[in-house]
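**Q** Would you be able to build a 3D model of this:
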Amino acid sequence: MAKQIEFTAKNVKAFTSWLKIFSLIDNSLLLEIDNDSKEFIAKSYNEERSVVKFSKIKFDEAGFVLKKSKDSQRIKVGIYNISNIIKVFEHFGEDGFSVTFKYEEVLSDTDKDYAGTSILLKNDSLKVGIECTSLNIFKYIGDDVFLNKIASIDPTVQFDFAKENISKINSLCDLNKDYKFMQFLNKDGKLFAKSKAFELLLSVGSKTDISIDILKSQFTKLDIEDYNVKLGEDRLVFSSNDSNTITVISMVEQDERYEETPNDDII
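**A** Below is the predicted model of the structure:
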C-alpha cells in the first residue's frame with residue numbers, strides 16, 4: 001500500500017537552484033528525502049562516471065515545512081527530467097502550496113527501499129502531478145561510499161579556490177576550444193591551472209611536484225562557488241564553502257585522440 005510524506009512549501013527558489021546544480025551533470029536525478037536529518041540529499045555522476053557530485057539542503061532552507069510523519073526511513077525519488085520539475089515548481093511562484101511525495105516499499109533479495117511513485121503539487125488554483133521514474137535507471141551511491149571512498153583521498157596539495165578563478169579558467173579555456181584538456185600543476189612550490197593556451201597561477205603549493213590532467217568538459221560541471229580543494233594522485237575533491245556540496249573529478253590520460261573515456265571511473 002502506498003504511503004506519503006507531505007510538505008507545505010513557499011518560495012522554493014533555493015530548492016530549484018539546488019536542483020539546477022545537478023543538471024550540470026545529468027538531466028535525471030535520484031533525490032533522497034531523509035526524515036531523520038530533515039534534508040534533501042542527492043548524488044549525481046556523468047556518463048563516464050568521472051565526475052561525481054554530492055549535495056544536501058535542509059528542508060527549511062529549501063522552503064519546505066514537513067507535516068507530521070510517522071516514518072523515519074529515507075525515501076528515494078527518481079526524477080527523470082530535472083528541468084521539467086523545476087518548471088513545475090516555478091509555476092507556483094512565491095505563494096504557499098503543498099507538496100506530497102507518494103512512495104511504496106520495494107523489496108529485493110538483499111535489501112529494502114522506499115521508492116517514490118509520484119509527486120503532487122497543489123494550491124487553491126493549480127494542481128500538478130508528476131510520475132516518478134524507476135530506481136533501476138540509477139546506480140545508487142550511499143553516503144558512506146561517497147564520503148569515505150569516492151571523496152576520501154590523501155592530498156598532495158590542499159588549497160582555497162575562489163569562484164573568480166573558476167570563471168576565469170572557463171573563459172581562458174575558450175581561447176582554444178578544440179583542445180580538450182586542462183591541468184592542475186604543482187611545481188616548485190607553486191600551483192597552476194593550465195592548458196595549451198594559458199597558464200594561471202592559483203596559489204602557493206606544496207614542495208611535492210604533481211600534476212593531474214582533466215577534461216575541460218569535466219571542469220564545467222563545477223558550480224561557481226568558493227571551494228577548499230584537495231589534489232591527490234588520481235582525483236580532485238572540491239568541497240564548497242558556500243553550500244553542502246562536494247564534487248569529485250577524476251584524472252584522465254592525455255591523448256589527442258581521446259574520446260572522453262576517463263582513465264578510471266571513481267564509482
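**Q** going forward, measure contacts and count neighbours with C-alpha atoms only.
**A** Noted.
**Q** how about the residue nearest in space to the middle of the chain, what does it touch?
**A** With distances taken as Cα atoms, centre = their mean, Lys53 lies nearest the centre of the chain, 3.2 Å away. Neighbour list for Lys53: Phe22, Ile25, Lys43, Ser44, Tyr45, Thr245, Ile246, Thr247, Val248 [criterion: Cα atoms under 8 Å, 6 or more residues apart in numbering].
**Q** Then Asp144?
**A** With Cα under 8 Å, 6+ apart, Asp144 has no contacts at all.
**Q** again with Ile166
**A** Shown in contact with Ile166 (Cα under 8 Å, 6+ apart): Ile224.
**Q** where does this structure have low pLDDT?
**A** When residues are selected by pLDDT under 70, those of the chain lie in 1, 108-110, 254-264.
**Q** can you give me the helices for the stretch 1-150 of the chain?
**A** 13-23, 59-62, 82-90, 143-145 (DSSP state H, counting those that start in this stretch).
**Q** Please tell me how far the nearest residue to Lys56 once chain neighbours are set aside sits from Ile21.
**A** Distances taken as Cα to Cα, 6 or more residues apart in numbering place Ile41 nearest to Lys56, at 4.3 Å, with adjacent residues excluded. Distance, Ile41 to Ile21, by Cα to Cα, to the nearest Å: 13 Å.
**Q** do the same with Asp178
**A** Going from Asp178 to Ile21 by Cα to Cα gives 26 Å.
**Q** Hmm, Tyr114 is touching Gly78, no?
**A** No. The criterion here is Cα atoms under 8 Å, and Tyr114 misses it with Gly78 at 11.1 Å.
**Q** Neighbour count for those two, which is higher?
**A** Taking neighbours as other Cα atoms under 10 Å, Tyr114 and Gly78 compare with Gly78 leading, 23 against 19.
**Q** List the residues that contact that one.
**A** By Cα under 8 Å, 6+ apart, the contact list for Gly78 reads Ser28, Leu29, Leu30, Leu31, Ala115, Gly116, Cys132, Thr133, Ser134, Leu135.
**Q** out of those residues, what pair is the most spread apart?
**A** Ser28 and Ala115 (15.4 Å; Cα to Cα).
**Q** Which of those two has more residues huddled nearby?
**A** More crowded of Ser28 and Ala115, by other Cα under 10 Å: Ala115, with 24 against 19.
**Q** hey, what's the closest residue to Ser37 other than its chain neighbours bridged with?
**A** Spatial nearest neighbour of Ser37, chain neighbours left out: Lys58 (7.9 Å); criterion: Cα to Cα, 6+ apart. Here Lys58 sits in beta bridges with Glu39, going by DSSP bridges.
**Q** Quick check: the gap between Leu135 and Gly232.
**A** The spacing between Leu135 and Gly232, counted by Cα to Cα, is 32 Å.
**Q** again with Ala2
**A** Plainly put, Ala2 is 46 Å away from Gly232 if you go by Cα to Cα.
**Q** ok, these two, which is more surrounded?
**A** Neighbour totals were compared for Ala2 and Gly232, and Gly232 leads with 20 against 10 (other Cα under 10 Å).
**Q** Distance of that one relative to Ala151?
**A** Taking Cα to Cα as the measure, Gly232 falls 10 Å from Ala151.
**Q** Then Asn241?
**A** 16 Å.
**Q** what does Phe89 give?
**A** Counting by Cα to Cα, the gap from Phe89 to Ala151 is 32 Å.
**Q** Settle it for me: which of these two has more neighbours?
**A** Ala151 (24 against 20).
**Q** ranges for the strands of the stretch 151-267 of the chain?
**A** Under the criterion DSSP state E, counting those that start in this stretch, strands of the stretch 151-267 of the chain are mapped to 157-161, 181-187, 190-194, 199-204, 210-215, 227-231, 235-240, 244-250.
**Q** Same list (those strands) but as a markdown table, adding distance to Thr8 and mean neighbour count.
**A** Shown next, in a markdown table, are the strands of the stretch 151-267 of the chain (distance: least, Cα to Cα, whole Å; neighbours: other Cα atoms under 10 Å):
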| stretch | distance to Thr8 | mean neighbour count |
| --- | --- | --- |
| strand 157-161 | 37 | 18 |
| strand 181-187 | 45 | 22 |
| strand 190-194 | 45 | 19 |
| strand 199-204 | 45 | 16 |
| strand 210-215 | 42 | 21 |
| strand 227-231 | 33 | 20 |
| strand 235-240 | 29 | 24 |
| strand 244-250 | 23 | 23 |
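**Q** Alright, that wraps it up for me.
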